[in-house]
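Novice: Give me coordinates for this.
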Amino acid sequence: MSWFKKKELTAEESNLVRQCTREAEELYRSGSHHCAEAVLESVRRRFTPELPPSMVQAVSGFGGGSGSGCICGAVSGGTVALGLALKEDKKGITQTTKELHVWFKEKYGVTCCKTIRQTHKGACPLLTGEVAGKVAELLNKQ
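Specialist: Purely as a prediction, here's the structure:
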């Protein structure tokens with residue numbers, strides 16, 4: 001289902017994916033960021049450092065499924081990160097967002113925060129890191 005050419009990540013790109021994964025999970029666990037903020041911040045630092053850190057506040061309402069338990073905040077933050085990194089590439093944004101959602105559903109069964117919290121108790125820090133890593137991987141495979 002990938003819209004980009006399949007390519008193996010270089011060692012440097014793989015390291016970048018691991019850094020995003022680790023940092024997003026750490027930000028979430030520290031309590032300084034919720035899921036959407038942690039994903040966006042870790043990706044912003046590496047892919048769009050020209051954007052101010054205050055940009056992360058734009059996703060503050062997405063934590064906990066946007067307060068209603070709907071779509072996972074980490075996936076929402078990842079979607080925003082893809083849009084910011086890919087800028088004017090509407091097709092690329094649409095396709096990578098779709099790929100992120102499909103990957104997440106394959107891994108967790110749903111994108112619904114409320115359901116994930118019931119079926120995967122305590123998984124939020126880990127899945128936050130995984131989403132940040134997946135976004136980094138998708139951006140590196142362009």
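
Novice: Let me see the contact set for H120.
Specialist: Contacts for H120 (C-beta atoms under 8 Å, 6 or more residues apart in numbering) come out as 108, 127. C-betas here are computed from N, CA, C, even on glycine.

Novice: Over to it: give its phi and psi.
Specialist: phi -130, psi 60 (degrees, to the nearest 10).

Novice: Please tell me how far it sits from A81.
Specialist: The gap separating H120 from A81 is 22 Å, by C-beta to C-beta, to the nearest Å.

Novice: can you give me the helices in this structure?
Specialist: For the chain, helices defined by DSSP state H occupy the ranges 11-30, 35-47, 63-64, 73-86, 90-108, 113-119, 124-140.

Novice: For the second one, buried residues please.
Specialist: Translated: helix 35-47. Buried residues in helix 35-47, counted by 16 or more other C-beta atoms under 10 Å: 35-44, 46-47.

Novice: That one packs against which elements?
Specialist: helix 11-30, helix 63-64, helix 73-86, helix 124-140 (3 or more C-beta pairs under 8 Å, 6 or more residues apart in numbering; DSSP states H and E).
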